[in-house]
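Asks: Need a 3D model of the sequence below.
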Amino acid sequence: MKIFNFTIDFEKKTADILLFGEIGSEIRANEFVDQIFGLEKEGIDKFNIFINSIGGDVFEGFTIYNALKGRNATIYIYSVAASIASFVAMAGKKVYMSKNAFMMIHNPWTIAIGDSEEFKKTQTQLERIKVTIMDAYRERTKADEPTLRSWMDNTTWFSSSEAMQLGFIDGIQDAKTSEPTVYNRFKTFINNTVENKFKTILNIPNGDGKMKFSPEFLKKLGLDENATEADIEKAVEKLEVAAPPEPPSPPAPKESDSQPTKALLARIEALEVDRKAEADKDAETLIDMAIADGKILPADKDAYVIFAKSDFTETKKKLDARAKNSALPGKTNIPGGDNDPEKKMTSTQKAAEHFKASGRAPLVTKK
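Replies: Numbering: from 1, shown residues only. As a prediction, this is how the structure comes out:
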């Protein structure tokens with residue numbers, strides 16, 4: 001499972017949580033909810049949720065959405081929020097996307113086994129799920145039902161600017177300025193660490209309003225515990241005088257000197273473009289092979305391509321672990337007689353047996 005407490009700021013009562021991976025198999029709703037309640041017991045009342053997911057089990061997604069909807073949660077879409085993950089994103093009081101992130105919405109789907117009546121029931125259930133999901137999209141976008149149905153029927157991808165324009169999100173986060181960021185979190189940690197370090201040198205307060213220095217610090221200055229502030233100032237001044245002067249600044253490069261640098265930068269930029277094109281091609285090839293092997297369905301190609309471009313190694317690792325034809329429904333079996341165990345199985349049991357045989361979790365309904 002990929003749910004982590006990225007950072008917890010007890011002073012601000014804030015927790016950052018990553019939702020990276022497939023909902024249902026890598027992100028389990030019950031464990032996520034347990035984590036939320038556990039953090040609240042520790043006094044946390046604000047959650048920053050970072051999403052990078054191609055979707056997964058629709059009912060697991062519903063549970064996560066419901067857990068976040070009534071809380072002070074801000075959603076950040078890092079790379080992709082596709083399928084049911086886009087629904088989860090709608091639970092935030094505020095929703096932001098990275099500038100180069102994408103969001104995808106489409107119809108819920110499932111695998112059904114049985115007669116025509118069984119398929120009718122499945123169709124009715126899928127329509128109910130679709131309406132529930134549309135309600136969350138409508139709440140933010142104010143789009144009418146025909147528009148929402150068209151987007152979902154056509155498996156629509158939205159860039160950050162498109163999602164912003166339509167009302168799915170509240171803002172676009174630039175990687176250099178987005179808050180909260182990894183850099184700023186660690187900067188806060190470092191600053192606090194340095195502050196704690198100084199507290200071992202400076203004992204503050206002293207009751208009389210004067211600063212009291214620790215014996216270890218005074219010893220480093222060559223002073224005893226009875227040293228006055230004037231003695232300390234003189235000792236510090238001596239250290240400043242004894243300190244080596246700062247080296248002079250190097251002369252500014254001449255215009256002619258900068259030409260090779262410009263050429264080198266241009267070459268590096270060209271190589272980066274070539275590298276990205278090659279990486280994108282590798283991602284497409286990886287997903288095409290997975291579809292050919294029956295490890296994923298063609299309808300999910302776009303989502304998996306984006307996931308592979310974002311993290312090729314991790315995506316390949318997951319696909320390599322899947323059995324061939326694990327994404328495909330089982331072959332139609334003709335029952336033998338009244339004692340045939342397959343004949344006595346319900347459609348749900350048959351579907352579960354199929355997924356068990358293929359090495360996949362029995363995800364009843366997917367989106």
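Asks: all helices for the chain, in order.
Replies: 29-41, 58-69, 84-89, 116-141, 145-153, 160-166, 182-199, 215-220, 229-242, 255-292, 301-310, 312-320, 341-344, 347-358 (DSSP state H).
Asks: Lowest average pLDDT across the ones you listed?
Replies: When the helices of the chain are compared on mean pLDDT, helix 182-199 scores lowest, with a mean of 42.
Asks: most residues in a single strand of this structure, which one?
Replies: Using DSSP state E, we find that the single longest strand of the chain is strand 73-82.
Asks: helices and strands around that strand, which ones?
Replies: Contact partners of strand 73-82 among helices and strands, from 3 or more C-beta pairs under 8 Å, 6 or more residues apart in numbering; DSSP states H and E: strand 46-53, helix 84-89, strand 94-98, strand 102-105, helix 301-310. The C-beta positions use only the backbone N, C-alpha and C, and glycine is treated the same way.
Asks: Could you give me the buried positions within stretch 291-311?
Replies: By 16 or more other C-beta atoms under 10 Å, the buried positions in stretch 291-311 come out as 291, 293, 295-297, 300, 302-310.
Asks: With respect to residue 69, which of these is nearest?
Replies: residue 303 (23.9 Å; C-beta to C-beta).
Asks: my guess is the closest one contacts residue 103, does it?
Replies: No: checked against C-beta atoms under 8 Å, the pair residue 303 and residue 103 is beyond contact range at 10.9 Å.
Asks: Overlap in contacts, the two.
Replies: Counting by C-beta atoms under 8 Å, 6 or more residues apart in numbering, the contacts common to residue 303 and residue 103 are 80, 82.
Asks: mind giving me the domain split of the protein?
Replies: 3-182, 200-242, 275-328 (automatic domain parsing).
Asks: any idea which of these is most buried?
Replies: With neighbours defined as mean count of other C-beta atoms under 10 Å, the domains of the chain peak in mean count at domain 3-182, which reaches a mean of 18.
Asks: contacting residues for the residue nearest to residue 77 when sequence neighbours are not counted?
Replies: Nearest residue to residue 77 in three dimensions, chain neighbours excluded: residue 97, at 4.3 Å (C-beta to C-beta, 6 or more residues apart in numbering). Applying C-beta under 8 Å, 6+ apart, we find residue 97 in contact with 76, 77, 81, 103, 160, 163, 164, 169, 171, 172, 173.
Asks: at 10 Å what do you get?
Replies: Residue 97 is in contact with 51, 75-81, 89, 103, 158-164, 168-173, counting by C-beta atoms under 10 Å, 6 or more residues apart in numbering.
Asks: With residue 48 instead?
Replies: By C-beta under 10 Å, 6+ apart, the residues touching residue 48 are 6-7, 9, 14-18, 72-76, 92, 94, 96, 179-180.
Asks: likewise residue 46?
Replies: Residues counted as contacts of residue 46 (C-beta under 10 Å, 6+ apart) are 9, 12, 13, 14, 15, 16, 39, 71, 72, 73, 74, 93.
Asks: Surely the last one touches residue 140?
Replies: No: using C-beta atoms under 10 Å, residue 93 is not in contact with residue 140; the gap is 11.0 Å.
Asks: what residues do these two have in common as contacts?
Replies: Residues touching both residue 93 and residue 140 (C-beta under 10 Å, 6+ apart) are residue 170.
Asks: Residue 108 is in contact with residue 299, correct?
Replies: No: between residue 299 and residue 108 there is no contact under C-beta under 10 Å: 11.7 Å.
Asks: Look up phi and psi at residue 323.
Replies: Backbone torsions of residue 323, given as degrees, to the nearest 10, read phi -80, psi 150.
Asks: for the one 3 residues further on, same thing?
Replies: For residue 326, the backbone dihedrals are phi -70, psi -20 (criterion: degrees, to the nearest 10).
Asks: that older thread, between the domains of the chain, which one is closest to residue 269.
Replies: Across the domains of the chain, closest to residue 269 is domain 275-328 (C-beta to C-beta), at 10.6 Å.
Asks: Spatially, which two of the buried residues of stretch 291-311 are the most separated?
Replies: 293 and 310 (21.4 Å).
Asks: How about residue 72, nearest residue that isn't a chain neighbour?
Replies: Per C-beta to C-beta, 6+ apart, closest to residue 72 is residue 46, 4.8 Å.
Asks: any idea how far residue 172 is from that neighbour?
Replies: Separation of residue 46 from residue 172 (C-beta to C-beta, to the nearest Å) stands at 21 Å.
Asks: Then residue 122?
Replies: Distance, residue 122 to residue 172, using C-beta to C-beta: 39 Å.
Asks: and what of residue 322?
Replies: Noted for residue 322: a distance of 34 Å to residue 172, by C-beta to C-beta.
Asks: now swap in residue 10 and tell me
Replies: Between residue 10 and residue 172 the distance is 30 Å, computed by C-beta to C-beta.
Asks: what do you get for residue 44?
Replies: For residue 44, the distance to residue 172 equals 27 Å [C-beta to C-beta].
Asks: quick revisit: and residue 63, which of the helices and strands packed on strand 73-82 is closest to it?
Replies: Nearest of the helices and strands packed on strand 73-82 to residue 63, taken as C-beta to C-beta: helix 84-89 at 9.6 Å.
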